[in-house]
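J.: let me see the structure of the following:
(chains A and B)
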Amino acid sequence: NAGVTQTPKFQVLKTGQSMTLQCAQDMNHNSMYWYRQDPGMGLRLIYYSASEGTTDKGEVPNGYNVSRLNKREFSLRLESAAPSQTSVYFCASSEGTRTGGEQFFGPGTRLTVL
Amino acid sequence: DAKTTQPPSMDCAEGRAANLPCNHSTISGNEYVYWYRQIHSQGPQYIIHGLKNNETNEMASLIITEDRKSSTLILPHATLRDTAVYYCIVLKFYFGTGTSLTVIP
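T.: Predicted structure coming up:
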């Protein structure tokens, strides 16, 4: 059981470049989440998905898009990266379709936008 | 919206109990209290949760006041590996800035 995996672990982008952060879970969880964490700050929710085929905005969705490809995978896309998106990105999953609850987190992707 | 208030930092001597407080005075009747911790820059790790009764698991105990306006996470015998940021969460996605616990040898 790998739990929640994220790729890549590190990424450096130039302003305006695009990229997709990948997340997969092998726990058969229904709900998945993307958070960002800026230095010295708590986590902020970007998007979440209560079940396959559904996505909803969180606290800070601007500049991001998501895709719930199937039950296992939930990707986060930056279409035109900006320095303000420099952050650590965490993916998480939880069992129920009622979102929240006990969330299992991945190791994070550390993104720097120059 | 039920948000939480936690002290920014605390110290605890190794081997002693660490008591981490959390205020959630605007909590609704059906909202659970969840605790997570984040060691260094790793992903947060779930610790425990409760609704109104006290809870205990292999990691910690959770004491919730009768009026549910506050709670305390107790690590009964803190070790150096418990040094982390501890988050108390009521509003389900709001992690806040947590309490940075340092366990001192």
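J.: contacts for stretch A:43-50?
T.: A:30-38, A:55-61, A:64, A:66, A:68, A:74, A:76, A:89-90, A:97-99, B:44, B:93, B:95 (C-beta atoms under 8 Å, 6 or more residues apart in numbering or on different chains). Just so you know, the C-beta spots here come from the backbone N, C-alpha and C atoms, and that holds for glycine as well.
J.: how far does it sit from the chain's center?
T.: From the chain centre to the centre of stretch A:43-50 is a distance of 7 Å (C-alpha atoms, centre = their mean, to the nearest Å).
J.: which of the contacts of stretch A:43-50 count as buried?
T.: A:30-37, A:55, A:58, A:60-61, A:64, A:66, A:68, A:74, A:76, A:89-90, A:99, B:44, B:93, B:95 (16 or more other C-beta atoms under 10 Å in any protein chain shown).
J.: give me the neighbour count for residue 15.
T.: I'll assume chain A. 11 (other C-beta atoms under 10 Å in any protein chain shown).
J.: I was thinking of chain B, sorry if that wasn't clear
T.: So B:Gly15, with other C-beta under 10 Å, has 11 neighbours.
J.: excluding covalently adjacent residues, which one is nearest to B:Pro7?
T.: B:Thr99 (5.4 Å; C-beta to C-beta, 6 or more residues apart in numbering or on different chains).
J.: just checking, that neighbour touches B:Pro8?
T.: Yes - counting by C-beta atoms under 8 Å, B:Pro8 is a contact partner of B:Thr99 at 6.7 Å.
J.: the two: which is more packed in?
T.: B:Thr99 (21 against 9).
J.: for the residue nearest to B:Val33 when sequence neighbours are not counted, give me its contacts.
T.: Once flanking residues are discounted, B:Val33 sits nearest to B:Ser71: 5.1 Å by C-beta to C-beta, 6+ apart. Counting by C-beta under 8 Å, 6+ apart, B:Ser71 makes contact with B:Pro21, B:Cys22, B:His24, B:Val33, B:Gly50, B:Leu62, B:Ile63, B:Ile64, B:Thr65, B:Cys88.
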